[in-house]
Each structure stands twice: as C-alpha cells, then as structure tokens.
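> this one's structure only:
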C-alpha cells in the first residue's frame, strides 16, 4: 500500500475543500466547513453511501465463492475528508492482479492509480480515505501485521488518519440475506458477512473503533467494474499517457474503455480498448474513421500517430 500511495501522491495532493451541496449524498448533515482550508480533527464517524456498502458485501460474497476464495482480498476507499468525518463514495478493488494469500493481500498499485484517476474525473476532491481487507475466520480486528504496514503510510493521508474495514465471514443466526444490519455502531453485516470499522492516526499505538453511518448514494467506481479487465491489461500505458497528457480522459463504453485526447488542431484522437484489441480513431465534425495504427500498447500507439502527423505537417 505504501507503494500505491507513492505512485498516487500527485493525485492525493490535489485541491481539497468542503463538499458542495449538489455533491452531498442524501442524508448529509450540513455541518461541515465549505471553505478551501480544513483544520482536520480526529475522525468522529465514517459516512458511507449505500452503494459502497452494497459493493463491498456483493464482491466479498463473490470472492468467497471463487477459486481464490480462501485468500484475503481488499478495496481502496475513496471519498471526501471533512473536519471530523470521512465520507466514502467509491471502492477500488484489489483486482485480479493482486498478490494474496491466507494472511496478506498486496494491491496492484498501477491499476489502483489508474482507477483512482478515472473516478476523480468527476470530482477532483475525492481522495484516498483508507483500506478494507478481509480476514480468514472471525478475526474482526486488524492484526499486528496490519498495524506494522498501515502505520508506515497512514500519515500521508489528509488529516494523517485513515479508515480501515475488516471483512469476516461468520456463522450467524438465520436472517434475511438481503438485509444490511448494524448490530454495533462500528459493525456492518449481511447474513454471514461482516465488516468492522476502525481508524488509525499517525503515531497511534493501536486502531480505535469508529461508528459508520449509511446514507443513500452510489458507488462512484461501480461503472468501472464492467471494464476492469481492460483497465488491468492497459493500466501502465494509460498511467504514463495520462501523466504526460493533461487533457486525456477515459470512459467506460459498452465493449471496454475509451481514451479521448483532444488535439491542438484538427480532430479528436480516441483509443478504444476491448477484448478484441486496441483501435485508434479520429473524430472530426461528428464523423469517425480508423487511424493507421495497430500498436497494442496505447501510449506508444498515440505517440506514433502524433509523430506521424507532425512529420506530415513539416512536408
């Protein structure tokens, strides 16, 4: 995780500030500062949208049924850091390329960075708030190993404090499998699945339990799940290209991912990434046609086209 934060430092250091009224989820209490500067205090609660909680529970259940179900898995939490609250708006999964076992999970840092970039296109104030990961058995509290890792990087977060969730699967009394319950302020459960919530500040000697409230709202990263395979295949070149081209945007389309790069003059360059491969398109005046490039590494393909166009202009 420390590696991921290092790679995403330029994203985490973007402008902060309060949360505008149109971006607040239903149920939001209007008691947070709206100015550009926030004096961060120790977290008093976590607010998570219903979509975020639903995603965590659904994907944890699918993970347990998969061939890798005995391994740990996890998610990065993105949202708004307010003075005394953390508002979780998006979940970024560890991904198929994660390194994991029964006692650890290491996220794919490049994929996490690209996914974070995608989500932040709609709201630049979204930042990393913390991490959720699962434990085999019923250990609901972060382990000593979790602490040794988390205390190394938590000071880089806004407010120098992070939110942590521990997922467990336990034998529980019969209940409606669709109902999400909160048997304790820091526990969210559905049937056998349970998430316990904690915070950790830089310098703390242990985690502390923190209450979580659920409000209506989506998981802003959920649309990316349908194109996750494409993102994992192309994350590294996407990141390189995005770092060098500030106007680059990427979107989920029915068959995969689409990169869009407005050019200084002339058409818009688009790169379509699907299971069938990579296609380069030029769009001008509502018309689109294929560019003469077949490079499957998108950053190299884009610069190949740009170089060709530049050489043609010089002749």
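Here it is on my side, so go on. Model, not experiment: these values are computed from the prediction.
> Okay, domains of this structure per the record?
Using automatic domain parsing, the domain parsing of the chain gives 2-220, 223-314.
> any idea which of those is most buried?
Ranked by mean neighbour count, the domains of the chain are led by domain 2-220 with a mean of 18 (mean count of other C-beta atoms under 10 Å). To be clear about C-beta, it is placed using only N, CA and C from the backbone, and glycine gets the same treatment.
> now that one, how far from the centre of its chain.
Here domain 2-220 is found 9 Å from its chain centre; the criterion is C-alpha atoms, centre = their mean, to the nearest Å.
> What mean pLDDT does it get?
Per-residue pLDDT over domain 2-220 has a mean of 81.
> thinking residue 125 is in contact with residue 78, fair?
No: here residue 125 does not reach residue 78: they are 10.2 Å apart, not a contact under C-beta atoms under 8 Å.
> Residue ranges in the stretch 201-315 of the chain under the pLDDT threshold?
Scanning the stretch 201-315 of the chain for pLDDT under 70 picks out the ranges 313-315.
> residues making contact with stretch 252-268?
By C-beta atoms under 8 Å, 6 or more residues apart in numbering, the residues outside stretch 252-268 that reach it are 223-224, 226-227, 230-231, 234, 238, 241, 245, 247-251, 269-276, 282-284, 298, 302.
> In strands only, show me these.
249, 250, 251, 269, 270, 271, 272, 273, 274, 282, 283, 284 (DSSP state E).
> what's the most distant pair in these?
Using C-beta to C-beta, those reach their maximum pairwise distance at 274 and 284, which is 22.3 Å.
> Could you dump the ones in strands among the contacts of stretch 252-268 into CSV with distance to residue 178 added?
Below are the ones in strands among the contacts of stretch 252-268 laid out as CSV (distance: C-beta to C-beta, whole Å):
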residue, distance to residue 178
249, 37
250, 34
251, 32
269, 45
270, 41
271, 40
272, 37
273, 35
274, 34
282, 48
283, 44
284, 49
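> And residue 148, how far from residue 186?
Applying C-beta to C-beta, to the nearest Å, the value for residue 148 to residue 186 is 22 Å.
> which residue packs closest to residue 167, ignoring adjacent ones?
Among residues not flanking residue 167 along the chain, residue 134 sits closest, at 3.9 Å (C-beta to C-beta, 6 or more residues apart in numbering).
> wait, the one you found sits on residue 61?
No: contact status for residue 134 versus residue 61: not in contact, 11.1 Å apart, counting by C-beta under 8 Å.
> what sits against the most centrally placed residue in the chain?
Taking C-alpha atoms, centre = their mean, the centroid of the chain lies closest to residue 92, which sits 3.1 Å from it. By C-beta under 8 Å, 6+ apart, residue 92 lies in contact with 75, 76, 78, 112, 115, 116, 119, 221.
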